[in-house]
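Peer 1: no sequence on this one, just coordinates:
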């Protein structure tokens, strides 16, 4: 029995969440392509990280003592671009060039190209290992910066994630935080049917992580969790965020057809406009 | 060669605080001295090559120069995507120490031999591929790894390999080395095939067929300038490698020659057939069988000039 969206989140979207979604959808509509579903489930996670948690300097993106945030589920990059632009890492105007030949903003984020992007991701299962290395480096250098790695749930099918989890547990990396965008859908369909992850929290616990689960669209709950790190002393943390893929555009919510779009039909555009305002499909 | 390489990691760690060692699951006692002297820069992470490469990338992003040590084929095949993306795409100074390049692990069969490793690595942008000839050259080469900006794949041979003379004692990544004066026959070799190539060239020259050797310990980036110089008047170019004939040194030399604005000399590529090998025995058995010994190289030149 497929789970209903209401099983994942009861949170309402406030004005800031809607404004960020407009940036996401504006870029998608301009490019006529992108991954709307995986981006829309991420908005509150990234919003809270960049608004309330991460120590970063948008005008100095390579500041040595910054917290590192890796979007391991690189296909959710429209949300990252929206938040980075909103925070001033690069001009908001650039979002309209998403995926065009001369733009910095590709369909997956690139390190060294886009200010604020900490790793080139898109191939799944890479982020947690890179984050592990960064977290070890911070400890070796006796620095107090932290490392946040945002993964998808389908991404957890990759064995490399669990190799990294083994190592992170072994090294007791308190400064490493994995955040799972648990939107319950992967490209083909339900995560529970493609490759069931349950019991997900127990899996992470058994790998040596402190685990907290949260409504991933509830800004206050996310803020509470991410300002109470580590979840357990002497352990890396994982925050499992129960989210809704496509959140904010009713037709897209929990709909695998909205995982990736190469074009938008009139009906899809109308659905977007009804939810978020008036976007012209140029 | 392997012991020299690993001991050099320890030596480099003494002089440079950026040096970090990561092993997967090496033999017991590997680098214990380094472990006791620099416990916080010594990691054993288990049989998890994908994770180890990503972890090394993260360490390198924060300023370290990690040396990752495991079996060559696991370091190139198993985690190819991590090597390509985490290391090459990010352009990070991680050093991959590939144990058992070529047919060193011949008795262990095709799961353990590394005979297309150079092809896999040299296909990746930003990756340097270096196959030193012997332990003494390894000692000269390793200090140059400290400040090379991108990733390096270091192809280790069996050990106790014949020492090729190097009178000036220098090693520069990306630079080849010529043995012998101008000659119409040029034998290009890499790694442990440099020694039999020199022996073959000497025997041929004594026999009236003037031959010289150009050693490309760095297969990528290839020293194209030197290749152009030594092959300018060549009648025959023979490449020799302990690797399948496609994608390695022979291919690199052919590509570079084809890109030169001049007629191609005749080129013969000596190497292993592009096939999984289902024989065991020793490395030497395989090299002799496929004509990669001194005798084989010599015979190939004579056949070509008939």
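Peer 2: Nice, thanks for sending it over. These numbers come from a predicted model, not from an experiment.
Peer 1: quickly find the element holding residue B:198.
Peer 2: helix B:194-206 (DSSP states H and E).
Peer 1: chain neighbours aside, what residue packs nearest to residue B:183?
Peer 2: Among residues not flanking residue B:183 along the chain, residue B:210 sits closest, at 3.9 Å (C-beta to C-beta, 6 or more residues apart in numbering or on different chains). Every residue, glycine included, has its C-beta placed from N, CA and C.
Peer 1: and the one you found, how far is that from chain A?
Peer 2: Plainly put, residue B:210 is 50 Å away from chain A if you go by C-beta to the nearest C-beta, to the nearest Å.
Peer 1: wait, doesn't that residue sit right on residue B:202?
Peer 2: No - contact between residue B:210 and residue B:202 fails when scored by C-beta atoms under 8 Å: they sit 10.8 Å apart.
Peer 1: who are the packing partners of the helix holding residue B:198?
Peer 2: strand B:177-179, strand B:185-189, strand B:211-215, helix B:294-305 (3 or more C-beta pairs under 8 Å, 6 or more residues apart in numbering or on different chains; DSSP states H and E).
Peer 1: so what's residue B:98 bridging to?
Peer 2: Bridge pairing for residue B:98 (DSSP bridges) gives the partners residue B:70, residue B:155.
Peer 1: show me the contacts for the residue nearest to the spatial centre of chain A.
Peer 2: Centroid-nearest residue in chain A, with C-alpha atoms, centre = their mean: residue A:42, separated by 4.5 Å. Going by C-beta atoms under 8 Å, 6 or more residues apart in numbering or on different chains, residue A:42 touches A:73, A:76, A:79, A:80, A:150, A:181, A:243.
Peer 1: any idea how far residue B:212 is from it?
Peer 2: Look at residue A:42 and residue B:212: by C-beta to C-beta, to the nearest Å, they are 61 Å apart.
Peer 1: just to revisit the earlier point, where does the residue nearest to residue B:183 land on pLDDT?
Peer 2: At residue B:210, the model reports a pLDDT of 98.
Peer 1: distance to residue A:155 and mean neighbour count added to the helices and strands packed on helix B:194-206, as TSV?
Peer 2: Converted to TSV, those look like this (distance: least, C-beta to C-beta, whole Å; neighbours: other C-beta atoms under 10 Å in any protein chain shown):
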stretch	distance to residue A:155	mean neighbour count
strand B:177-179	47	18
strand B:185-189	45	28
strand B:211-215	45	26
helix B:294-305	50	17
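Peer 1: reformat these as JSON lines; add distance to residue A:204.
Peer 2: Shown next, in JSON lines, are the helices and strands packed on helix B:194-206 (distance: least, C-beta to C-beta, whole Å):
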{"stretch": "strand B:177-179", "distance to residue A:204": "53"}
{"stretch": "strand B:185-189", "distance to residue A:204": "51"}
{"stretch": "strand B:211-215", "distance to residue A:204": "51"}
{"stretch": "helix B:294-305", "distance to residue A:204": "56"}
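Peer 1: what is the closest residue to residue B:179 other than its chain neighbours paired to in the beta sheet?
Peer 2: Leaving out its chain neighbours, the residue that sits closest to residue B:179 by C-beta to C-beta, 6+ apart is residue B:213, at 4.2 Å. Beta-bridge partners of residue B:213, counted by DSSP bridges, are residue B:179, residue B:187.
Peer 1: quick one: contacts for residue B:213?
Peer 2: Listed by C-beta under 8 Å, 6+ apart, the contact set of residue B:213 reads B:178, B:179, B:180, B:186, B:187, B:188, B:189, B:194, B:197, B:198, B:201.
Peer 1: and the third one, how many neighbours?
Peer 2: If you count neighbours by other C-beta atoms under 10 Å in any protein chain shown, residue B:180 ends up with 18.
Peer 1: now do the contacts for it.
Peer 2: Contacts for residue B:180 (C-beta under 8 Å, 6+ apart) come out as B:198, B:201, B:202, B:205, B:211, B:212, B:213.
Peer 1: next: the last one.
Peer 2: The contact partners of residue B:201, taken as C-beta under 8 Å, 6+ apart, are B:179, B:180, B:183, B:185, B:187, B:211, B:212, B:213.
Peer 1: what does chain B have sitting close to chain A?
Peer 2: Chain B has residues B:40-41, B:43, B:45-46, B:48, B:50-64, B:66, B:81-82, B:85-86, B:89-91 near chain A, with proximity defined as C-beta under 8 Å from any C-beta of the partner chain.
Peer 1: quick one: the helices in chain B?
Peer 2: With helices called from DSSP state H, chain B shows them at B:2-15, B:32-37, B:49-61, B:72-73, B:80-82, B:117-122, B:135-141, B:194-206, B:224-231, B:249-258, B:283-289, B:294-305.
Peer 1: looking at these, which is closest to residue A:57?
Peer 2: Closest to residue A:57 of these is helix B:49-61 (C-beta to C-beta; 17.4 Å).
Peer 1: by contact count, what packs against the closest one?
Peer 2: helix A:127-140, helix A:159-170, strand B:19-23, strand B:65-71, helix B:80-82.
Peer 1: and the residue nearest to residue A:234 when sequence neighbours are not counted, what pLDDT?
Peer 2: Nearest residue to residue A:234, sequence neighbours excluded (C-beta to C-beta, 6+ apart): residue A:172, at 4.8 Å. If you check residue A:172, the pLDDT there is 98.
Peer 1: equivalent analysis for residue B:45, please.
Peer 2: pLDDT, residue B:45: 97.
Peer 1: and it, its phi and psi?
Peer 2: Dihedral pair for residue B:45: phi -110, psi 0, per degrees, to the nearest 10.
Peer 1: where's it relative to residue A:138, distance?
Peer 2: Distance of residue B:45 to residue A:138, given as C-beta to C-beta: 18 Å.
Peer 1: before we move on, what about residue A:44?
Peer 2: For residue A:44, the distance to residue A:138 equals 26 Å [C-beta to C-beta].
Peer 1: more neighbours: these two, which one.
Peer 2: residue A:44 (30 against 22).
Peer 1: helix/strand/coil for that one?
Peer 2: helix (DSSP: H, G, I helix; E, B strand; the rest coil).
Peer 1: the residue nearest to it when sequence neighbours are not counted: what secondary structure?
Peer 2: Leaving aside its sequence neighbours, residue A:44 sits nearest to residue A:217 (C-beta to C-beta, 6+ apart; 4.8 Å). On the three-state scheme (three-state DSSP), residue A:217 is labelled coil.
Peer 1: correct me, but residue A:217 touches residue A:11?
Peer 2: Yes - between residue A:217 and residue A:11 there is a contact under C-beta under 8 Å: 4.1 Å.
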